[in-house]
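Chemist: Let's see this in three dimensions:
(one chain, ligands or ions: 1)
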Amino acid sequence: MSLFLVKKSGPLLGEVDISGAKNAVLPILCACLLTDEKCVINGVPPLSDVFILIEILKKAGANVSYDEILERIEIKASDVGGDVSNEHEAVKMRASFLVMGPLLARNGSAKLPLPGGCRIGNRPIDLHLKGFEILGAKIKQEHGTAEAKCPKLLGGYIYLDFPSVGATENIIMAASLSEGETVIENAAVEPEVIDLVNFLNQMGASVFCVGNGTIKVTGVKKLHGAVYTVIPDRIEAGTFMAAAAITGGDITLKNAVYEHIKPAAAKLAECGMAVEETENGIHVYPVGKRKAFNIKTMPFPGFPTDMQAIFMSVMTISKGTSIVTETVFENRFLQADELKRMGADIKTEGRVAVVEGVRKLTGAKVNAPDLRAGAALIVSALAAEGQTEIGEIQHIDRGYSHIDEKLRRLGAHIKRIEEEKEGKK
Ligand code: UD1
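Modeler: Numbering: from 1, shown residues only. Have a look, this model is predicted:
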């Protein structure tokens, strides 16, 4: 298996380009199924999740061409078929369920494999299905698949029990081609949801965030093609901010949007870092000693669950006791045991973790348990004495493009050892 070898690195210095947001790219690519005209999406980083979704979109009938150098996807879904239930990759990647809303609206039916379980929690899709039902769809779940059918969706009132990002996105996409008005209350308003809304409106949809977590969609008969550039990835930006904090570095995140990373900036400010908005991004630099801080994950504009593991890494060597409360997922401390192997002092109890800052971390052999926990291990390894060997890095490749190259340009000692080369040793 491929792995990262990371050695203790001095303060990271310089500028880093932040890529397009994975969690905005995925729903936006799905939304392209809503029109038979060509869409061009810019800022699509070469991530394994993107490649998986491209295959699923092709299975659904779309023509997709991806220029990895220009990071641009052209997609034309002249005709779509609703049955992608045999697509095994779709089970692995939850975001693939986001093709359901567009296929249902465009095709009158959609059949998909039920997304598989996930180590960070149950992750059901009941809220997606409830939304489709309110819009008039008949839902059938059998043999590991979910099928939705409705010749013409009608607008409706949907209250989400939890502001689920995926359910909000799926319902908005379906409602865009329905008849009448849909109101979604307690909707997710993450920047990636807003990016999807902006893209849909460019396609001719009528979607408005009216405040207080309410989104109104007025269905239209047809959507047209559009050219769109996705927002920069706030989670990637947060990862580099954490890398700067743990190494005492001074870096500029080019393109990052300050509004999107405010909760992370506030936390780093408590921990002895300055985070400032600049003309073309965000400047992060140390202003004092690293101090303990607490985080509680919440839907946006709260602290993002996707940055929780990464910020826990910073806590491990910040002076004092830090507390993490994870409210979004029930089992999202997978990084804790790996960080303990590196000398961290962490106690977890249910959804709470108590982190006592230690004087130093030490390099160890660890494995990335999932995408963000894997990124947390890289961040910790930058500050750990000696060498850290991180295995299972395919999880990290799901959501970070060229993370090793980007870190090396800032002065980090990180090397990717490819699978084949290992075999030759
Ligand atoms: C998206 C992000 C993921 C992020 C998460 C929360 C993408 C591709 N992924 O995932 O990186 O961690 O938002 O910010 O954008 N839930 C239900 N029923 C449902 C749907 C969700 O109970 O039908 C629960 C989940 O179990 C979880 C919570 O709602 O506890 C949040 O999940 P959700 O916001 O839906 O996350 P995703 O859209 O899957």
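
Chemist: For the protein, what lies in contact range of the ligand?
Modeler: 23, 26, 94-95, 121-128, 162, 164-167, 188, 192, 305-306, 328-329 (C-beta under 6 Å from any ligand atom). Just so you know, the C-beta spots here come from the backbone N, C-alpha and C atoms, and that holds for glycine as well.

Chemist: and if we set it to 5 Å?
Modeler: When proximity is defined as C-beta under 5 Å from any ligand atom, the chain approaches the ligand at 23, 26, 95, 123-127, 162, 164-167, 305-306.

Chemist: Most widely separated two among the residues you listed?
Modeler: For those, the farthest-apart pair by C-beta to C-beta is Asp126 and Asp306; their separation is 21.8 Å.

Chemist: okay, those two: which has more neighbours?
Modeler: Asp306 (24 against 10; other C-beta atoms under 10 Å).

Chemist: Assign the more buried one to one of the three secondary structure states.
Modeler: Following DSSP: H, G, I helix; E, B strand; the rest coil, the label given to Asp306 is helix.

Chemist: ok, and the closest non-adjacent residue to it?
Modeler: Spatial nearest neighbour of Asp306, excluding adjacent residues (C-beta to C-beta, 6 or more residues apart in numbering): Ile235 at 4.7 Å.

Chemist: OK, contacts around the residue in the chain that the ligand sits nearest to?
Modeler: For the chain, the residue closest to the ligand is Gly166, as judged by C-beta to the nearest ligand atom, at 2.8 Å. Counting by C-beta atoms under 8 Å, 6 or more residues apart in numbering, Gly166 touches Arg94, Ala95, Phe97, Leu98, Ile125, His128.

Chemist: out of those residues, who has the most neighbours?
Modeler: Counting by other C-beta under 10 Å, top hit in these: Leu98 with 28 neighbours.

Chemist: pretty sure that residue is touching Ile171, no?
Modeler: No: shown here, Leu98 and Ile171 do not form a contact pair, counting by C-beta atoms under 8 Å, at 10.6 Å.

Chemist: just the strands in the stretch 151-300 of the chain please.
Modeler: For the stretch 151-300 of the chain, applying DSSP state E, counting those that start in this stretch gives strands covering 157-159, 181-185, 206-211, 214-218, 227-229, 250-254, 273-278, 281-286, 295-296.

Chemist: Ok, which of these comes nearest Ile75?
Modeler: For the strands of the stretch 151-300 of the chain, the distance to Ile75 is smallest for strand 227-229, at 11.1 Å, taking C-beta to C-beta.

Chemist: Now do the helices in the stretch 201-350 of the chain.
Modeler: 234-247, 258-270, 308-316, 334-341 (DSSP state H, counting those that start in this stretch).

Chemist: any chance of these in CSV, with distance to Val6, mean neighbour count and mean pLDDT too?
Modeler: What follows is these, written out as CSV (distance: least, C-beta to C-beta, whole Å; neighbours: other C-beta atoms under 10 Å; pLDDT from 0 to 100):
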stretch, distance to Val6, mean neighbour count, mean pLDDT
helix 234-247, 11, 28, 98
helix 258-270, 21, 19, 96
helix 308-316, 12, 29, 98
helix 334-341, 13, 21, 97
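
Chemist: Show me the contact partners of stretch 80-97.
Modeler: Here stretch 80-97 makes contact (C-beta under 8 Å, 6+ apart) with 23, 26-27, 33, 49, 52-53, 55-56, 59-62, 99, 102-104, 106-116, 118, 123, 125, 128, 144-145, 147, 166, 170.

Chemist: Report the buried members of those.
Modeler: Among those, those classed as buried by 16 or more other C-beta atoms under 10 Å are 23, 26-27, 33, 49, 52-53, 55-56, 59-62, 99, 102-104, 106-107, 109-115, 123, 125, 128, 147, 166, 170.

Chemist: Tell me which of these fall in helices.
Modeler: 23, 26-27, 49, 52-53, 55-56, 59, 102-104, 106-107, 128, 166, 170 (DSSP state H).

Chemist: pLDDT weak spots in this structure?
Modeler: Applying pLDDT under 70 to the chain flags residues 116-118, 420-425.

Chemist: Try it again at 50.
Modeler: Along the chain, segments meeting pLDDT under 50 span 422-425.

Chemist: Report how many residues lie close to Gln394.
Modeler: Using other C-beta under 10 Å, Gln394 is surrounded by 14 other residues.

Chemist: Identify the residues contacting it.
Modeler: Counting by C-beta under 8 Å, 6+ apart, Gln394 makes contact with Met1, Ser2, Ser48.

Chemist: could you redo the last one with a cut-off of 10 Å?
Modeler: By C-beta atoms under 10 Å, 6 or more residues apart in numbering, the contact set of Gln394 is Met1, Ser2, Ser48, Ala368, Leu371, Gly374, Glu419.

Chemist: Please verify my assumption that the last one contacts Asp397.
Modeler: In this case it means Glu419. No: applying C-beta atoms under 10 Å, one finds Glu419 not in contact with Asp397, separated by 11.9 Å.

Chemist: Please identify which of those two sits among more neighbours.
Modeler: More crowded of Glu419 and Asp397, by other C-beta under 10 Å: Asp397, with 20 against 10.

Chemist: Quick check: closest non-adjacent residue to the more buried one.
Modeler: In space, and not counting its chain neighbours, Asp397 is closest to Ser48: 5.0 Å by C-beta to C-beta, 6+ apart.

Chemist: thought the one you found was touching Leu26?
Modeler: No: applying C-beta under 10 Å as the test, Ser48 and Leu26 come out as separate, 11.8 Å apart.

Chemist: Now Glu133: phi and psi?
Modeler: When read as degrees, to the nearest 10, the backbone of Glu133 gives phi -60, psi -40.

Chemist: any idea how far it lies from Pro124?
Modeler: Taking C-beta to C-beta, to the nearest Å as the measure, Glu133 falls 15 Å from Pro124.
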